[in-house]
Each structure stands twice: as C-alpha cells, then as structure tokens.
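> Sequence and computational prediction follow.
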Amino acid sequence: GAMQVSQGLNPNDLHSNSTSHTWPFSAIAQLIDNAYDPDVCAKQLWIDKTQIKGVDCLTFMDNGAGMDYDAMYKLLSFGFSDKQSVEGHAAVGMYGNGFKSGSMRLGKDVIVFSKRRNSMCVGMLSQTYLKKIKATNITVPIVTYNRVGSQNILFQRALM
C-alpha cells in the first residue's frame, strides 16, 4: 500500500501529542471544528458510538467537500496545514495538528474514509499497527481509488 513517513517522529509521540486535550470533550470539539472549517463546508455532522469485534468505536461522519489523496496525506501527517481562511472565516485547523491530537486522545487507532469527486481514499493512523510492526517512525498507509466509468480501479501510491 501507499506509505508516508513523518521523519523524526516516534510512534510514542502520538500519545504525548494527544495530551494537549486534557479531557475527551475538547478532542471531540476539535473533530467537530474540522468539519466546520471553510474548506470542508459540512452542513451536517453525525457522531455515533458502535462496537466492532467488542471494541468501542466512535464514528464522525460529515457531508463536507471530502478529501483527495493530498488532503488526506496532510491530515494524517505531521507538520502540514494548507488550510486558508475563506471570506474572513478563519480555519480552526490552521496548524494541522488538531485531527491527530484529537483522534489520538479518543483512541489508539483512526481510519479515515473520504470521497471527493471521482476519487476515494482510505488512510490509517494506528498506534496498534505501529507497535505491531515495531515502527521507529510514524508510517501512515493511504490507499486511493479512482472511479473510471462504473468501475473502481485501485491506485496505490507509495511515498517514502
């Protein structure tokens, strides 16, 4: 699959980074703020709690603009933000850390599904995965699908 490495960051930093949220509600507020950012323009947001194989999972779903590969890459990597203010509405996620700190405050693993125009992508930021592969850098798998006619053709892009 496609891999992206955030240089110099150890997987243990994912937890310490999340402690900027002293309580879960500020982490949830951060994820809600992301959907409200002007480049996302979500009109609705659904938050649900479900169980998958006996593990509690929170789902955040919005009907915003969606992300392509590059946007997903920036969301799940460290040290990126290309959010702009739109018509005086400042983007909350200007520094690009809120999603990582918010999601890692609420759980050890996050899988992001997104669709934008004719492309769909799936990205994963997972402390469980990084521990299992004994990673020394944070590696973020991202898989992209492009719609061609009525079929989905899988494109995997590898970045190191």
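That came through, no problem.

> What ranges in the protein fall below the confidence cut-off?
1-8, 79-96, 149-160 (pLDDT under 70).

> Would you map the strands across it?
With DSSP state E as the criterion, the chain has strands at 5-6, 45-52, 55-62, 109-116, 119-126, 138-139, 142-148, 151-155.

> want to throw these into a markdown table with distance to P38?
The way it works is simple: take the backbone N, C-alpha and C, and place the C-beta from them, glycine included. Below are those laid out as a markdown table (distance: least, C-beta to C-beta, whole Å):
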| stretch | distance to P38 |
| --- | --- |
| strand 5-6 | 26 |
| strand 45-52 | 15 |
| strand 55-62 | 14 |
| strand 109-116 | 16 |
| strand 119-126 | 21 |
| strand 138-139 | 28 |
| strand 142-148 | 24 |
| strand 151-155 | 29 |
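
> Which of those sits closest to D39?
strand 109-116 (11.4 Å; C-beta to C-beta).

> my read: F99 touches M72, true?
No - at 10.5 Å, F99 does not count as touching M72 under the criterion of C-beta atoms under 8 Å.

> These two: who's more crowded?
Shown here are F99 and M72; by other C-beta atoms under 10 Å, M72 has more neighbours (25 against 19).

> and that one, what does it touch?
112, 114, 121, 123, 142 (C-beta atoms under 8 Å, 6 or more residues apart in numbering).

> What separation is there between it and G123?
Plainly put, M72 is 5 Å away from G123 if you go by C-beta to C-beta, to the nearest Å.

> Check N137 too.
On the measure of C-beta to C-beta, N137 and G123 end up 16 Å apart.

> ditto for S16
22 Å.

> can you check N146 too?
For N146, the distance to G123 (C-beta to C-beta) stands at 16 Å.

> So between those two, which is more surrounded?
G123 (24 against 15).

> Grab the nearest non-local neighbour of that one.
Nearest residue to G123, sequence neighbours excluded (C-beta to C-beta, 6 or more residues apart in numbering): I142, at 4.2 Å.

> And P24, by the same measure?
That would be L106: by C-beta to C-beta, 6+ apart, it lies 6.1 Å from P24.
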